[in-house]
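A.B. asks: Predicted model and sequence follow; I will ask about them next.
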Amino acid sequence: MKHLLTTTLIAALAAFGAAFADGHGDMPGTVVDVALENEGFETLVAAVTEAELVETLSGEGPFTVFAPTDDAFAAALEALDLTAEELLASDDLGAILTYHVVPGKLMAEDVLAAVEGGYGSAAVETVNGAEIEVTVEDGMVMLNGAATVAVTDLEAGNGVVHVIDAVILPPSE
């Protein structure tokens, strides 16, 4: 796992190095850069790399990413009785990750407006085609009644990242 993380970081830094080489250090990076530059997303970065989504999520976008923390992944792995290695090798990994990505840039105020406009809930279509139900419970934005949005509006050059405290799984077919 440590080798995979090191390989992931080296590959990601090489891919994004050109974006910063022109002296625009104040320009926000990509949604992938947000995960790389903030603590607590090592499992997410490893999963995005393993699922070969780094290039896609480094693209033009815009994307809204609901990013589970390492603690969220640890809880999901325990609940699913999986190891991190089993998750990374799973055929479902890409579908799980793309279920956390919404096309477009939805800032927190946009999400709240959609919930208010939907009389308490809003269905948001993800990149994988399934919808996430967004609600507000006790003043907290919830996804599918299972994940709480803990940090909002981490802006990137190609979208925005919202930190969540649980991994949400796409509906089974």
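C.D. replies: Structure's in. What do you need?
A.B. asks: Show the contacting residues for the residue nearest to the spatial centre of the chain.
C.D. replies: Central residue of the chain (C-alpha atoms, centre = their mean): Ala67, 3.1 Å from the mean position. Contact analysis of Ala67 by C-beta atoms under 8 Å, 6 or more residues apart in numbering lists 34-35, 41, 44, 100, 161-164. (Glycine included, C-beta is placed from N, CA and C.)
A.B. asks: Please apply the same query to Ala147.
C.D. replies: With contact set as C-beta under 8 Å, 6+ apart, Ala147 has these partners: 66, 68, 72, 164-168.
A.B. asks: any idea of the pLDDT on Ala21?
C.D. replies: Confidence at Ala21, expressed as pLDDT, is 32.
A.B. asks: Return the alpha-carbon coordinates of the strand ranked longest in the chain using CSV.
C.D. replies: Counting residues, the longest strand found in the chain (DSSP state E) is strand 147-156. C-alpha atoms of strand 147-156 as CSV (Å, rounded to 0.1, in the frame of the first residue of the first chain):
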residue,chain,number,x,y,z
ALA,A,147,-22.9,11.0,4.5
THR,A,148,-22.6,14.4,6.1
VAL,A,149,-20.8,17.2,4.2
ALA,A,150,-18.2,18.3,6.7
VAL,A,151,-16.3,20.9,4.7
THR,A,152,-17.5,22.9,1.7
ASP,A,153,-16.3,24.9,-1.3
LEU,A,154,-12.6,23.8,-1.6
GLU,A,155,-12.3,25.5,-5.0
ALA,A,156,-10.1,24.1,-7.8
